[in-house]
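Participant: show me how the following folds:
(chains A and B)
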Amino acid sequence: MTVARTTDQLGALREEANQTKPRGLWSDAWRRLRRNKAALAGAAYIGLMALVAIFAPLLAPHDPNFIPADAIANSPPFWQRDPNAFPQYDPRFKLGTDTLARDILSRLIYGARISLIVGFIPVAIELLIGATLGVASGWLGGRWDNLLMRLVDVVYAFPSFLFFIILVSALGSTGFGRLLSGLVLLFVAFAITGWTGMARLVRGQVLSLRHKEFIEAARSVGVPTSRIVLRHILPNSLAPIIVSVTFGIPAYILAEAALSYLGIGIQPPTASWGNMVNEFKGLIDLNPWFVLMPAALIAFIMLAFTFLGDGLRDALDPQMGK
Amino acid sequence: MARFVINRILWAIPVFWLVATVTFVLMQATPGTPWDAFNAASGGRLDPSLRASWERQYGLDRPLIVQYFSYLGNALRFNFGESYAQQGTPVTELIERGFPYSARIGVYALIMAVLIGIPLGVVAALRQNTIVDYLSLFFATVGATIPSFVLGFFLLAFFGVTLNLVPVLWTDWRNYVLPVAVLGIGTCAFIARLTRASVLEIVRQDYVRTARAKGLPSRTVNMRHVLRNGLIPVVTILGPALAGLITGTIIIENVFGVPGMGYLYIQSVVQRDYPTIMGTTLFYTLFIVLGNLLVDLTYGFLDPRIKAS
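Facilitator: Numbering: from 1, shown residues only, chains lettered A, B, ... in the order given. Now for the predicted structure:
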């Protein structure tokens, strides 16, 4: 009986301890993030765009690449309903039609897919390569570390935007370059140069953590290296990694938009906000609204990620932003 | 110090070599030949003997390895061969023609960024957590985030189309206003942020408190003690910032139709004008590497601890 009661009491005590336990890094960060209105607005906008991207086929009123036989090209958006103007507003196409008479609204909706995919996939690749090499470099040390870090130095110094331009323009017309309208080639281009920053960051974290007492303790009781890395080193480096990822995403979105704007990124007929800016730039004298629509969407998504990134940085590490 | 400088300069060599080699390999990997455009223009009936004579003229009939080394050797002497698209014109001449426009836009943009960014950052820091501070921080975030070409189209739509203030053709100084403003605003925002952070750090230093404690007027403290030290980090980024601005013109020039190097670069990419692509890429790399070198050297100069590592 007494034994049973003690375990009961112990359980209650443990429960109590769980409830009153000091706020951890994550709940603390979440509390700080919630107070940051700009970061929340950014996150909400990104969520909205993610929904638009996922449900694009349901949301888009038309097929983005379909050229209707009876539509006129360059019909204006709904706020320019001048009955005497030519081309005239067509109520079927709320935001107007492009030079090939395709529905601009549907193309903008599908463009959200490109922007988000091109933000997330390269960052995931970068994380995988960068974290692996960073851990290897920091943990092994010595000759391997030296070799890897020299490689990082050279790749890091390589002017990445020039590299994107050359790689994408050289391979853009090959079969590989045409995979998924050029998306795959962009992923590869971004991955080749992008992993260096992450590798440096993770290596630095490993170096600063590996001689901490709790790591030494884990090692002394015989925890295997792989487990130490996965259970101790990486979770403890998560905060700076998250911040770096949040700033990495808009950088890739910008690179895609810029390359597509130059006419060498996402290949037509697939719509991306960048290649729509390129398509509409010649029409700026006819109707400036055309070019401003995709341009504004690029600006908004960039701002949303930056506000969220700033908020996460301040929330996860109040020292870092200062 | 001398060892550090030499070390850093030597470090630029592998970077150059890598850029040159990657560019060469990628240009070779490109399907099609440089004469495809001429071939298409002649309805696919380009005279084979003409093609052969062009290949001889540009040395394309030699083995790849020979082409590679002669390309490297010529690049060292700043000779990039003749343009395919504008036959008979050396690439160096094309660069010489375009570069002044890009350099002018880059330099003006830097001047603008410094003249606006530094006062903005200083004022924000000295009035920390006031409305002035929040506004300038907001401007700095937005200015640094919105892509230059997006901003460019907004300004072009407003000033060029709605107000009709910008000459359509590249004629006079009025054409420089928008590209310089668009290009400079990102750097301006960056400088403002950096200045603010660095001044905030200096304001909390003991020697600043001492200066105030001994009764110096706050103007003197701010000018002599805070600004002098607070601006050091800003000065160190000016070199790389200029390099970044000059390469940043690649996109801007395409928005505003500037006949500069960025325009030439994209033109050559579209036309597959390999010698011009390789020449301009290496020329741009020179700027980026010089910029990085400059920042390493100034840091090493200001902070002796960096040299040691």
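Participant: state the number of residues packed around the nearest residue to A:Leu179 once chain neighbours are set aside.
Facilitator: In space, not counting the residues next to it along the chain, A:Leu179 is nearest to A:Leu185; the distance is 7.1 Å by CB to CB, 6 or more residues apart in numbering or on different chains. Bear in mind the C-beta positions are built from the backbone N, C-alpha and C, glycine included. A count of neighbours around A:Leu185, defined by other CB atoms under 10 Å in any protein chain shown, yields 26.
Participant: for A:Leu185, give me its contacts.
Facilitator: For A:Leu185, the contact set (CB atoms under 8 Å, 6 or more residues apart in numbering or on different chains) comprises A:Leu167, A:Val168, A:Leu171, A:Gly172, A:Phe176, A:Gly177, A:Leu179.
Participant: mind checking pLDDT for it?
Facilitator: On pLDDT, A:Leu185 comes in at 92.
Participant: what's the answer for A:Ile284, then?
Facilitator: 85.
Participant: quick one: it and B:Phe158 touch, right?
Facilitator: No - the pair A:Ile284 and B:Phe158 does not pass the contact test of CB atoms under 8 Å, sitting 10.8 Å apart.
Participant: one step back: show me which of the contacts of A:Leu185 are buried.
Facilitator: A:Leu167, A:Val168, A:Leu171, A:Gly172, A:Gly177 (16 or more other CB atoms under 10 Å in any protein chain shown).
Participant: next, B:Pro90: phi, psi?
Facilitator: phi -60, psi 150 (degrees, to the nearest 10).
Participant: what's around the residue nearest to it when sequence neighbours are not counted, how many residues?
Facilitator: Spatially, and ignoring its direct neighbours in sequence, B:Pro90 is nearest to B:Glu82 (5.5 Å; CB to CB, 6+ apart). Around B:Glu82 there are 19 other residues, counting by other CB under 10 Å.
Participant: for B:Leu18, same thing?
Facilitator: Based on other CB under 10 Å, the number of other residues close to B:Leu18 is 16.
Participant: what sits against A:Leu283?
Facilitator: If you count contacts by CB under 8 Å, 6+ apart, then A:Leu283 has A:Asn74, A:Thr99, A:Phe290, A:Val291 around it.
Participant: how close does the last one sit to chain B?
Facilitator: So that's A:Val291. Using CB to the nearest CB, to the nearest Å, one gets 5 Å for the distance from A:Val291 to chain B.
Participant: about what we covered before: and the residue nearest to B:Pro90, how far from chain A?
Facilitator: From B:Glu82 across to chain A, the span is 20 Å (CB to the nearest CB).
Participant: go ahead and confirm B:Gly186 touches B:Gly152.
Facilitator: No - B:Gly186 sits out of contact with B:Gly152 when judged by CB under 8 Å, with a separation of 11.4 Å.
Participant: among the buried ones among the contacts of A:Leu185, pick out the one closest to B:Gly291, please.
Facilitator: For these, the residue nearest B:Gly291 by CB to CB is A:Leu167; the value is 22.0 Å.
Participant: the closest one - that's part of a strand, no?
Facilitator: No - going by DSSP: H, G, I helix; E, B strand; the rest coil, the assignment for A:Leu167 is helix, not a strand.
Participant: show me the contacts for it.
Facilitator: Counting by CB under 8 Å, 6+ apart, A:Leu167 touches A:Leu185, A:Val188, A:Ala189, A:Ile192, B:Leu26.
Participant: you'd agree the third one is up against A:Phe164?
Facilitator: Yes - contact criterion CB under 8 Å: A:Ala189 and A:Phe164 qualify, at 5.0 Å.
Participant: who has more neighbours, A:Ile284 and B:Phe158?
Facilitator: Neighbours of A:Ile284 and B:Phe158, each counted by other CB under 10 Å, are more numerous for A:Ile284; the result is 18 against 14.
Participant: name the member of the contacts of A:Leu167 with the most neighbours.
Facilitator: Highest neighbour count within these: A:Leu185, with 26 neighbours (other CB under 10 Å).
Participant: quick one: the strands in the stretch 201-322 of chain A?
Facilitator: Using DSSP state E, counting those that start in this stretch, the strands of the stretch 201-322 of chain A do not appear at all; there are none.
Participant: what does it put close to chain B?
Facilitator: Within the stretch 201-322 of chain A, the positions adjacent to chain B are A:250, A:254, A:257-258, A:261-264, A:277, A:281, A:284-285, A:288, A:291-292, A:295-296, A:298-299, A:302-303, A:306-307, A:310, A:322 by CB under 8 Å from any CB of the partner chain.
Participant: and the residue in the stretch 51-200 of chain B positioned nearest to chain A, how many neighbours?
Facilitator: In the stretch 51-200 of chain B, the residue found nearest to chain A is B:Ala157; the distance is 3.5 Å by CB to the nearest CB. Taking other CB under 10 Å as the neighbour definition, B:Ala157 ends up with a count of 20.
Participant: now the one 3 residues further on
Facilitator: By other CB under 10 Å, 19 other residues sit near B:Gly160.
Participant: surely it touches B:Pro179?
Facilitator: No - with contact taken as CB under 8 Å, B:Gly160 and B:Pro179 are classed as non-touching, separated by 11.6 Å.
Participant: any idea which helix is longest in the chain?
Facilitator: Going with chain A. Using DSSP state H to define each element, chain A has its longest helix at helix A:104-140.
Participant: chain B is the one I meant
Facilitator: From DSSP H, the single longest helix across chain B is helix B:91-126.
Participant: near chain A at all, that one?
Facilitator: No - among the residues of helix B:91-126, none lie within reach of chain A under CB under 8 Å from any CB; the closest is 11.9 Å away.
Participant: so where's the chain uncertain?
Facilitator: Went with chain A since none was named. Filtered on pLDDT under 70, chain A yields the residue ranges A:1-23, A:318-322.
Participant: actually chain B
Facilitator: In the prediction, chain B carries residues with pLDDT under 70 at positions B:1, B:32-34, B:36-38, B:44, B:166-171, B:299-309.
Participant: outline the domain layout of it.
Facilitator: Domains of chain B are assigned by automatic domain parsing as B:2-76, B:94-308.
Participant: looking at those domains, which is buried most?
Facilitator: Mean neighbour counts were compared across these using mean count of other CB atoms under 10 Å in any protein chain shown; the top stretch is domain B:94-308, at a mean of 19.
Participant: for the residue nearest to B:Pro90, what are its contacts?
Facilitator: By CB under 8 Å, 6+ apart, B:Glu82 lies in contact with B:Tyr58, B:Gly88, B:Thr89, B:Pro90, B:Val91, B:Pro275.
Participant: ok, it to B:Phe99 distance?
Facilitator: Relative to B:Phe99, B:Glu82 is positioned 18 Å away (criterion: CB to CB, to the nearest Å).
Participant: distance check, A:Glu279 against A:Leu286.
Facilitator: The spacing between A:Glu279 and A:Leu286, counted by CB to CB, is 13 Å.
Participant: flag every residue of the stretch 51-200 of chain B that's near chain A.
Facilitator: With CB under 8 Å from any CB as the criterion, the stretch 51-200 of chain B comes near chain A at residues B:141-142, B:144-147, B:149-151, B:153-154, B:156-157, B:160-162, B:197, B:200.
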